[in-house]
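*Asks:* Starting from these lines, generate the structure:
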Amino acid sequence: MVEKASSPPAKTELSVLYNAACPVCAREIDHYARHADRHALPIRFDGLQTADPAAYGVSADTAARRLHVLHDGRVLSGVPAFVALWRAMPGYRWLARIVDLPGLRQLSAAVYDHALAPLLYRLHLRRSRKRD
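*Replies:* A predicted model of the protein is given here:
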């Protein structure tokens, strides 16, 4: 898992806040982090378990529910966060352009907001209860 220190994210770089305790989330973000490292991209990846979600303007619970990205002082979440991340990464810009097309943007957001993110969040809560 890629987790960095929890100093506040810079406003000029793209910073990603994700739930590192979620195996699906961690695997995907680890892939992006390796890609960013290979290309020396100014992208920071903060695991929720070691970062301060308040630096992103969200609570820990809100951060666990979906991906958040801080870019140019703006916090994006869900599909817009993925689009911002993909736009910053060579090899993924095509995906950002496709997902951001009218119609597909709304469909992607609906699937993420109403199916994928809630499912991953419920699994996160279940894992958290088992640890306690």
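*Asks:* Residues contacting the helix or strand of the chain with the lowest mean pLDDT, please?
*Replies:* When the helices and strands of the chain are scored by mean pLDDT, DSSP states H and E, helix 117-131 comes last with a mean of 91. Outside helix 117-131, the residues within contact range by Cβ atoms under 8 Å, 6 or more residues apart in numbering are 19, 21, 22, 24, 25, 64, 65, 66, 78. The way it works is simple: take the backbone N, C-alpha and C, and place the C-beta from them, glycine included.
*Asks:* of all those, which two lie farthest apart?
*Replies:* 21 and 78 (18.9 Å; Cβ to Cβ).
*Asks:* quick one on the thing from earlier: if we go by neighbour counts, what in the least confident helix or strand of the chain is buried?
*Replies:* 117, 120, 121, 124 (16 or more other Cβ atoms under 10 Å).
*Asks:* distance between it and the chain's centre?
*Replies:* Here the centre of helix 117-131 is set off from its chain's centre by 17 Å, with Cα atoms, centre = their mean, to the nearest Å.
*Asks:* Need the CA coordinates for it. PDB is fine.
*Replies:* Taking C-alpha atoms only, helix 117-131 is exported to PDB below (Å, rounded to 0.1, in the frame of the first residue of the first chain):
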ATOM      1  CA  ALA A 117     -19.000   3.500  -3.700                       C
ATOM      2  CA  PRO A 118     -21.900   2.300  -1.400                       C
ATOM      3  CA  LEU A 119     -20.800  -1.300  -1.800                       C
ATOM      4  CA  LEU A 120     -17.200  -0.600  -1.000                       C
ATOM      5  CA  TYR A 121     -18.200   1.600   1.900                       C
ATOM      6  CA  ARG A 122     -20.400  -1.200   3.400                       C
ATOM      7  CA  LEU A 123     -17.500  -3.700   3.000                       C
ATOM      8  CA  HIS A 124     -15.300  -1.100   4.800                       C
ATOM      9  CA  LEU A 125     -17.800  -0.900   7.700                       C
ATOM     10  CA  ARG A 126     -17.900  -4.700   7.900                       C
ATOM     11  CA  ARG A 127     -14.100  -5.000   8.000                       C
ATOM     12  CA  SER A 128     -14.000  -2.200  10.600                       C
ATOM     13  CA  ARG A 129     -16.500  -4.000  12.800                       C
ATOM     14  CA  LYS A 130     -14.600  -7.300  12.600                       C
ATOM     15  CA  ARG A 131     -11.400  -5.500  13.700                       C
END
